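1. Please work out how this folds:
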Amino acid sequence: TGSNDGYMRLWKVMTGQRLDERGIEPLSKIPVFGYINGLAIGPKARFCVTAIGQEHRLGRWDRVSRAKNRFGIIMLRGGDA
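-> Numbers count the residues shown, from 1 in each chain. Reported below is the predicted structural model:
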């Protein structure tokens with residue numbers, strides 16, 4: 001997930017048969033400066049492409065003025081997967 005709090009968060013989602021086997025738990029936080037307006041996970045979850053901007057993609061009610069409009073490629077795993 002992404003927002004403008006300075007981090008992209010990765011989560012572990014568990015989808016079990018029973019209710020006690022289901023849930024969400026945080027895996028890690030990756031520092032990112034600006035609004036994360038889009039995320040895409042690459043093949044085999046080796047990397048993530050993020051769209052980062054000064055403003056939220058759906059409005060102009062807030063701005064991170066020192067951020068740059070750009071995209072980022074974040075490695076998630078080593079090449080052994």
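2. Do a quick rundown of the helices in the chain.
-> Using DSSP state H, the chain contains no helices.
3. Just give the nearest non-adjacent residue to Ile36, would you?
-> Excluding the flanking residues, the one nearest Ile36 by Cβ to Cβ, 6 or more residues apart in numbering is Gly2, at 2.6 Å. In short, each C-beta sits where N, CA and C put it, glycine included.
4. With Val32 as the reference, measure out to that neighbour.
-> 7 Å (Cβ to Cβ, to the nearest Å).
5. what do you get for Asp20?
-> 34 Å.
6. Just to check, the residue nearest to Ile36 is in contact with Arg9?
-> Yes: when contacts are counted by Cβ atoms under 8 Å, Gly2 is listed as touching Arg9 (7.5 Å).
7. tell me the contacts of Val13?
-> Contacts for Val13 (Cβ atoms under 8 Å, 6 or more residues apart in numbering) come out as Gly23, Ile24.
8. Thanks a lot, see you next time.
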